[in-house]
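Asks: For reference, the sequence and a predicted model appear below.
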Amino acid sequence: MRIHQLLDRDPRQSALANGGQARISTATDAHAQAELRAELETFVCDGQYGDALERMLRSYLTQLDRPRQNAAWVSGFFGSGKSHLLKMLGHLWVNTNFADGSTARNLVRALPDEVVAALRELDTQAARTGRVALAASGALPSGSGDHVRLTVLSIVMRACGLPESYAQAQFVFWLRGQGYLERVRGAVERTGKDWSKELHNLYVSGPIAQAVLACDPNFARDEREARQVLRDRFPNPVSDVTTPQFLAACREALAPAGQLPLTVLILDEVQQYIGDATDRAVTITEIAEAVQTQLESRVLLVASGQSALSGTPLLQKLKDRFRINVQLSDTDVEAVTRKVLLHKKASAVEPIRATLGKNAGEVSKQLQGTRLAERPSDREIALLDYPLLPTRRRFWEECFRAVDAAGTHSQLRSQLRILHDALRGIAECELGAVIPGDALFDAIGPDLVNSGFLLGELATRIQEQANVPEVGPLRKRICGLVFLISKLPREQGVDAGVRATARTLADLLVDQLEADSGPFRREVEKQLEAMASGGTLMKVGDEYRLQTTQGAEWDRAFREQQGALGGRIAELQAKQDQLFAAAVQRLVSEIRPKHGESKVPRSLSLHARPDAPSDGGGEVVVWLRDGSSSSQKDVESEARRRGHEDPVIHVFLPKPTGDLRARIVEVEAARAVLDAKGMPTEPPEAREACESMQSRFKAAEAARDELIRELVASAKVLQGGGNEVYGDSFRAKLDAAVEASLARLFPRFAEGDHKAWPVALRRAREGSDEPLKILGWDRPTEEHPVLREVLLAVGNGVRGTELRKSLEASPYGWPRDTIDAALIALHRIGTLRAVQNGQPIAPGQLDQNKISSAEFRPEKHRLSAPDKVALRGLYQKAGIKVVSGEEELKAASFLDALLALARAAGGDAPLPSPPATKGIEDLRRLAGSEQLVGILAAREELESALRDWSALKEKALQRLPGWTRLQRLARCAEGLPILAELRPEMDAIARNRSLLDDTDYVAPLAKKLELALREELRRAHARCSEIFTASQAELEGSESWQKLASAEREALLRAQRLEPIGAPELADEAQLLAALEARSLRGWNELADGLPTRFAKARAEAARAQEPKVQHLSLRSDLLRTEADVERWLAVTRADLFRRLADGPLSIG
């Protein structure tokens, strides 16, 4: 059987419908009908397509009786089948009829039951409306510029058999409204003219003008005027119509009788039409909103674009309007190709299965060692895919992605075309033939040249190989595959592992399963060697690459660098050492051991030099050496010499083979060429050569790294003492060695390793008497091994940071919580003293934040519980509030209180001198338990001082106010004989500091001064009152005073401060002092002497007030020309002066 006899669809006879590219068209000619029929027959309505149709139909039917209809957005890359799906939707919607009686729905193979049910319900709903369902389809880019509504409207008009132009459509609507349409149309057609063409030429059409005049003679006077009226009444819009006009026109077109049909409005390539025009996007949004809400939910709007609605900012404006989202991808490509192109006849199934089973070995060897090799699932699909092998389908998919980043070939359209052409190429071959892998290059090669992806020089070289006698076709096929494979990605994670080796190329070129492939494979290898020798190909290791002129120059530069580097032995050795160190370092850095129950993080450090490493400082040292610089015997001897307690891990790499050095040379040579030549962008041949060199660099680098990985995997790992560590991998060996080295590095770690140390830390901080009980420790706290070691480490004194550093290092390696818990517990029980910034930290106040800045010293003395009780009692006598545990913290406050009390028990004269406090100040300079012991030793003296000084303080508080009042009274009695009498007594009190004596010497002196001052003040007041009364009587008896009004008198008295003198309050000492400090005895005498003068001034002011007031005026100005004018002015002025003189003297200015 031949291939074409196996397939249900003969590739020789059946052309690919529409060339794999669907176009929404309104053409109805025979060619268009045939193309549509073929598209329907090959439409695979399952997967994404079936789901999309079912969702759109169901949503439409559900929303029919609701106020808002939904709209659909179909997205996908070029060639994903968007237009094909939309075209099929339109024809299935109206169930398009064909001349032979077939319909769209019965031409489609196996419509899903859900879609059939939805279409049947659509027909039922259409019958209820009395209108046939309607499909209006079109591609927006064919519309008219920025007139978005007019563009969409033209699609609706065309579907309704109306003129696409808005002006002509309005004319038809008018004719129909007037009842003239059929008469006018008939009249035009009777003249032999085409109705559509005449409508297109509406403004200059004579037959239309004549027909309209025949129907309505009043329309115009003549034909010429009729054409002008048509132009004026139905003008072509100069701008887009409004949304209300759009809706009105839609209703006129769709529902001339008032009933809207069930309509699907399909707008293809909306995104391409919108482009980057924001106003178009906004208008499309308005149209979608209007169609969904204002056409009785009878119209389903379906639009398409390359991106999903959330893909671009402009499309996001449409997101809320298109609620049915259909995203097409190439996931259904395999299913479509199997049903359309690869579908087998029933009679062909068993022969194909037998052939594939018989040749399973040849099929299985395809692309072995790559990610594209045979998979278990291939057995199930091999029959469906034949004559395309599953491995080759996967190879094509990888090539599609690599050479076509835009995705134009990886979609349904191109894959259908490529596979169809490949099938036609082998259609006459016998069963057992398969599509060769290089068929892909033949299909897309011209496109790659046009896009610039395949350089012209390379394309020419490939084509030239076809001219070689006998072997030309094979050489051309080989070169095409070499090019495709060279473009596959090599990056980690996406590398399929396919390389252009002789074996891989032969795998892909084999096109006969039944024939022995051995001779063919040898011929492929022979031609590869020949083309490499002739300069067409370049061999890099086992891999082949196409060579260009520029590539040859880059290759020559590479060879020169390769030769130069090969002789630099020392440089290569250093590079090799760096690579070994980097490879091991990557593994070492991945190891992050957690030590013990405490899970203490530990670290490793790599030492990659022959000289011995220094102390790791708390890190596990991995000492790396290799066979190039050391021998295995030396490494083992050094490990034994260091002994079983040494924590260093010894790693020995075997001596590398020459292959590694060759790969290093290749990498560095390629790097040097790339660095020297840079990254050229022009000409394309140079760019291609650069990319080829980059591929060579990556391939050499990958080979180098693989050799290093193999060496590292075979490395020996030794412990100190010479014991070799075994494991399934180098990582496993390192893990085991690290665990043993940690035990050697921190031999005392177990003493402080317990997962409950954080709890012990918290309990110590909270003041627990047994903070370590959670660790299982029932003996006294300070006897725990960790706490004993902490005390030893403190010695005579140490800072917290240094202490932590010491105990976290070897040989302890204790967790920080362990160290901190020990310090806080020892401090809490009084074994350690902590000082921060010169101030002691009281027990209970030490926390982890303070430890680093605190200084720790051992306490020489420890207080008993009774001692602490006695201290607290002593503190409380001094007024210091204290609770248990605060004895040390409150000691300074207690001593400060004593010193303050001493200062209050004496002072400046007449107080006695303050008591001596040297003993207290000595205690103040002590700290910690030493200070507390000193306070206890002086307890009796301190209690006595508290009693005596408190009594003196109280007496001073009582007598100092009396002394102050005595001083005030003495100041008020200056000049009196009594003060001269008492001054010696006052001086004696101050001199002798006898204010606090048992005898109160101040009170009698104060009383004497009080009595004398009160008597003097009374006499002074009596004298002032007598003078005031006499002077007041004399003033009131004067004539001028009596003539003054009452208000004027009061004003004159206030001006001279003449007010009645009240008697001062002198009932007690305080009132006496207040009166004298308000006005002294001297002040009273000055008042008495000044009163007569003040009254005299008041009397004089009263007299002046009786004198007439002088009037100041200016004479009236005037212009005097004659004697008469002078006489008149004099008469007027004289009369005015006489009148004013009656009021007082005049002053003429």
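Replies: Everything's here; your move. Since we're looking at a predicted model, the values are computed, not measured.
Asks: I'd like the average pLDDT over the one helix or strand R158 maps to.
Replies: Element membership for R158, per DSSP states H and E: helix 148-159. For helix 148-159, mean pLDDT rounds to 91.
Asks: Could you point out the helix or strand that follows it?
Replies: Sequence order places helix 166-178 as the next helix or strand after helix 148-159, per DSSP H and E.
Asks: for that following helix, packing partners?
Replies: Using 3 or more C-beta pairs under 8 Å, 6 or more residues apart in numbering; DSSP states H and E, the elements in contact with helix 166-178 are helix 148-159, helix 181-190, helix 195-200, helix 243-254. (C-beta placed from N, C-alpha, C; glycine too.)
Asks: Which one, of those, ends up nearest to G813?
Replies: helix 148-159 (76.7 Å; C-beta to C-beta).
Asks: Name the surrounding residues that touch that closest one.
Replies: 26, 134-138, 140, 143-144, 163-166, 169, 237, 240-243, 245-246, 249-250, 253-254, 265, 267, 273, 280, 283-284, 287 (C-beta atoms under 8 Å, 6 or more residues apart in numbering).
Asks: one more time with 6 Å
Replies: Applying C-beta atoms under 6 Å, 6 or more residues apart in numbering, the external contacts of helix 148-159 come out as 26, 136, 138, 140, 143-144, 164, 166, 169, 240-241, 246, 249-250, 253, 280, 283, 287.
Asks: chain center to the helix holding R158, what's the gap?
Replies: Here helix 148-159 is found 46 Å from its chain centre; the criterion is C-alpha atoms, centre = their mean, to the nearest Å.
Asks: can you check stretch 1075-1089 too?
Replies: Between the centre of stretch 1075-1089 and the centre of its chain there are 85 Å (C-alpha atoms, centre = their mean).
Asks: With adjacent residues omitted, what lies nearest to L911?
Replies: The shortest distance from L911 to any non-neighbouring residue, by C-beta to C-beta, 6 or more residues apart in numbering, is to L995 (5.6 Å).
Asks: Strands of the stretch 1001-1149 of the chain, start to end?
Replies: For the stretch 1001-1149 of the chain, the strands defined by DSSP state E, counting those that start in this stretch cover 1111-1113, 1146-1148.
Asks: Could you look over those and pick the most buried one?
Replies: strand 1111-1113 (a mean of 12; mean count of other C-beta atoms under 10 Å).
Asks: Could you point out which of the helices and strands packed on helix 166-178 sits nearest L342?
Replies: Ranking the helices and strands packed on helix 166-178 by proximity to L342 (C-beta to C-beta) places helix 148-159 first, at 36.7 Å.
Asks: orientation of that closest one relative to helix 166-178 in degrees?
Replies: Using axes from the mean of the first three to the mean of the last three C-alpha atoms, to 10 degrees, one finds that helix 148-159 and helix 166-178 are set 50 degrees apart in direction.
Asks: Can you tell me the closest non-neighbouring residue to Q463?
Replies: K476 (6.9 Å).
Asks: Any chance of JSON lines for the helices and strands packed on helix 166-178, columns mean neighbour count?
Replies: Compiled in JSON lines, the helices and strands packed on helix 166-178 are given as follows (neighbours: other C-beta atoms under 10 Å):
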{"stretch": "helix 148-159", "mean neighbour count": "23"}
{"stretch": "helix 181-190", "mean neighbour count": "16"}
{"stretch": "helix 195-200", "mean neighbour count": "15"}
{"stretch": "helix 243-254", "mean neighbour count": "18"}
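Asks: can you tell which of the ones you listed is closest to V212?
Replies: Closest among the helices and strands packed on helix 166-178, using C-beta to C-beta: helix 181-190, at 6.1 Å.
Asks: give me the number of residues near E35?
Replies: Other residues within reach of E35, judged by other C-beta atoms under 10 Å, total 19.
Asks: What residues of the strand or helix carrying the residue nearest to Q463 count as buried?
Replies: In the assignment (DSSP H and E), K476 maps to helix 472-486. The neighbour-count check on helix 472-486 (16 or more other C-beta atoms under 10 Å) flags 474-486 as buried.
Asks: In this structure, what helix or strand scores lowest on average pLDDT?
Replies: One helix or strand of the chain scores below all others by mean pLDDT, DSSP states H and E: helix 313-316, with a mean of 66.
Asks: on that earlier part again, how many neighbours does the residue nearest to L911 have?
Replies: 21.
Asks: With R959 as the reference, measure out to it.
Replies: From L995 across to R959, the span is 5 Å (C-beta to C-beta, to the nearest Å).
Asks: now swap in E974 and tell me
Replies: Using C-beta to C-beta, we find E974 at a distance of 24 Å from R959.
Asks: what about the two, which has more around it?
Replies: Remark: of E974 and R959, R959 carries more neighbours, 19 against 10, as counted by other C-beta under 10 Å.
Asks: Quick one: mean pLDDT over the helix or strand hosting the more buried one.
Replies: When elements are assigned from DSSP H and E, R959 belongs to helix 939-972. Averaging pLDDT along helix 939-972 yields 85.
Asks: Identify each buried residue in it, please.
Replies: Neighbour counts over helix 939-972 (16+ other C-beta under 10 Å) mark 942, 945-946, 949-950, 952-953, 955-956, 959-960, 962-963, 965-966, 968-970, 972 as buried.
Asks: pLDDT below threshold where in the stretch 751-900 of the chain?
Replies: Along the stretch 751-900 of the chain, the model assigns pLDDT under 70 to residues 861-864, 885.
Asks: Now do the strands in it.
Replies: Per DSSP E, counting those that start in this stretch, the stretch 751-900 of the chain carries strands over the ranges 798-799, 832-836, 839-840, 855-858.
Asks: Walk me through which strands the last one pairs with, and which way each runs.
Replies: This means strand 855-858. Using DSSP bridges, strand 855-858 pairs in its sheet with strand 798-799 (antiparallel), strand 832-836 (antiparallel).
Asks: can you redo the strands of the stretch 1001-1149 of the chain as a markdown table with distance to D705?
Replies: A markdown table is the format used below for the strands of the stretch 1001-1149 of the chain (distance: least, C-beta to C-beta, whole Å):
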| stretch | distance to D705 |
| --- | --- |
| strand 1111-1113 | 120 |
| strand 1146-1148 | 124 |
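Asks: between these, which gets nearest to L624?
Replies: So among the strands of the stretch 1001-1149 of the chain, strand 1111-1113 is nearest, using C-beta to C-beta, at 120.8 Å.
Asks: Now the closest one: average pLDDT?
Replies: Computed over strand 1111-1113, the average pLDDT equals 76.
Asks: and it, what other elements does it pack with?
Replies: Judged by 3 or more C-beta pairs under 6 Å, 6 or more residues apart in numbering; DSSP states H and E, strand 1111-1113 is in contact with no other helix or strand.
Asks: Quickly run through the sheet partners of it, with directions.
Replies: Counting by DSSP bridges, strand 1111-1113 is paired with strand 1146-1148 (parallel).
Asks: out of the helices and strands packed on helix 166-178, nearest to R816?
Replies: Among the helices and strands packed on helix 166-178, the nearest to R816 by C-beta to C-beta is helix 148-159 (71.7 Å).
Asks: Could you verify my assumption that V188 touches P207?
Replies: Yes. Contact between V188 and P207 holds when scored by C-beta atoms under 6 Å: they sit 4.6 Å apart.
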